[in-house]
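Visitor: starting from these lines, generate the structure:
(one chain, ligands or ions: 1)
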Amino acid sequence: MEIVPANTQAINKTKERVWKITTAPKIRLFLWRVLSGALAIADCLRNHGLNVNPGCQICGSVNETVSHVLFDCDMAQSVWLITSLPMWPQGSMLSIHEQVDHLLNLMEKQELNRELREAIPWLVWEIWKARNSTLYAAKTNSPHFVVATALEEAKEWLQQHVLVQQDHSHSLQRQGIGERFWTKPATGKLKCNIHSSWLKDSAHIGGAWILRNHLGDVIFHARDAFLPMVNRLAAELHVMFWCLRSLKELQIVSCEVWSDSSAAIDALTRPEDFPKYRSQIIKIQQVIRVMREVSFHLSSPKANSLAKDIACSVTREGRFNSYLARGGPAWLHTRIEDERRGRR
Ligand SMILES: [Zn+2]
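Guide: Alright, predicted model coming up:
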C-alpha cells in the first residue's frame, strides 16, 4: 500500500474541492496550478531547480511564494482589503492550501454578499493577471479596477454558464469540468490525448499524442519536435494540427481530442475571439472538415499526463527523433495499464 503523507492528503482534498467550484475552466486550472506549485514565480521555479532571484520583483519582499503573490504583495493586500472579505488574521502562518481552503469556505458562506463570494475565483485570477501585467507589460492598474474587473467577469461568465446549462447544448461539454482522471471513451469511440511542451526561449517544442479505444488500449502514439513558437497557445495549436493531420492520414475519421490547454480549446470553439491565431485555426478546421467527427475537450493535467510526459521527453531529454508507432511506448507501459484498469 502506498503511504501518502498527511500534508499531501490535505492538498489533494483542496484540489478536489477546486475541481468542483463554479468558475471558468481556465481559472479552475489556474487554482489547480497554485496548489501544485506550478506557477512561474520565484519559489516554484527554484523548486524546479532554476537559479532565479528568490525575491518579489514588485515589492522587493525576500521570498516570492505563491501566498505572497496572491495574498501579501501590495496589490493583493489592497484587493482583499477592498472586498472586506473576512480573511485570516495577519501573521497566521497558513500554507497555500489552507489559504485556498479558506477562500472556498467563504464561497459557501450564505451570509456573505452573493455576487462577491461567487467572484472569489476571479479575484484570485485578476490579482495574478495584474501581477503579470505589472511585470511583463509595465502596466499597473488600481486595486479598485482589479476588483471591478473580477466582479464583472464573474457576473458575465455565471450568466452565460447558467444559460448553457439550461439549453443542454453540446457546448455544455466545453464549459464543463473536464475529468479528474483519464477515463475510457464510450464503446466504439476513440480518444486522443495531446500535449505540447513549450518552454520560453527553448530551441524546440515537443509534441505528442496518444490514441486509445474504449478498452483503454493504445492504438497509436506519436512524438515530434518542432521549431519554436511565440507562446504556449501557438505551440498547442501547432501540435493539434500535426496530430489531426496524422490521424487523418491513418484514416481515423472520428475521434475525441483532449488537451489540457484551456486556451486552445477556447480558441477552437470561439475562433472569433482569437484573431491572432486565425491562420492556425483555419488549418485545423480544414483537416476536421475532411474527417467525419472530431470534438474537442478540456482535460485535467492529471488525465493528460501520459501525453505530457511523452511530449516533455523531447524538450527535457532532448529526444528529437520523431516517430509514429502502434501501441504505447514501453517506458510508460505500467501507467497505460493503470489507466486502462482505472487504477489511481
Ligand atoms: Zn511582492
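
Visitor: now do the helices in the stretch 1-150 of the chain.
Guide: 6-20, 25-36, 42-47, 66-67, 74-83, 96-108, 114-118, 120-136, 143-167 (DSSP state H, counting those that start in this stretch).

Visitor: give me the buried positions along the last one.
Guide: Right, the one you point to is helix 143-167. 143, 146-147, 149-151, 153-154, 157-158, 164 (16 or more other Cβ atoms under 10 Å). Every C-beta, even on glycine, is put in place using the N, C-alpha and C of the backbone.

Visitor: double-check that residue 220 belongs to a strand.
Guide: Yes: assessed with DSSP: H, G, I helix; E, B strand; the rest coil, residue 220 lies in a strand.

Visitor: residue contacts, residue 219?
Guide: 190, 211-213, 326-327 (Cβ atoms under 8 Å, 6 or more residues apart in numbering).

Visitor: what about 10 Å?
Guide: Shown in contact with residue 219 (Cβ atoms under 10 Å, 6 or more residues apart in numbering): 190-192, 210-213, 250, 252, 326-328.

Visitor: for residue 123, same thing?
Guide: Residue 123 neighbours (Cβ under 10 Å, 6+ apart): 70, 76, 79-80, 82-83, 85, 103, 116, 146-147, 149-151, 153-154.

Visitor: nearest to the ion, of those residues?
Guide: Of all those, the one with the least separation from the ion (Cβ to the ion) is residue 76, at 8.1 Å.

Visitor: please name the nearest non-neighbouring residue to that closest one.
Guide: Spatially, and ignoring its direct neighbours in sequence, residue 76 is nearest to residue 127 (4.9 Å; Cβ to Cβ, 6 or more residues apart in numbering).

Visitor: next one: the one you found relative to residue 145, how far apart?
Guide: 12 Å (Cβ to Cβ, to the nearest Å).

Visitor: what do the two both touch?
Guide: Contacts common to residue 127 and residue 145, judged by Cβ under 10 Å, 6+ apart, are residue 79.

Visitor: any idea how far stretch 328-339 is from the middle of the chain?
Guide: 23 Å (Cα atoms, centre = their mean, to the nearest Å).
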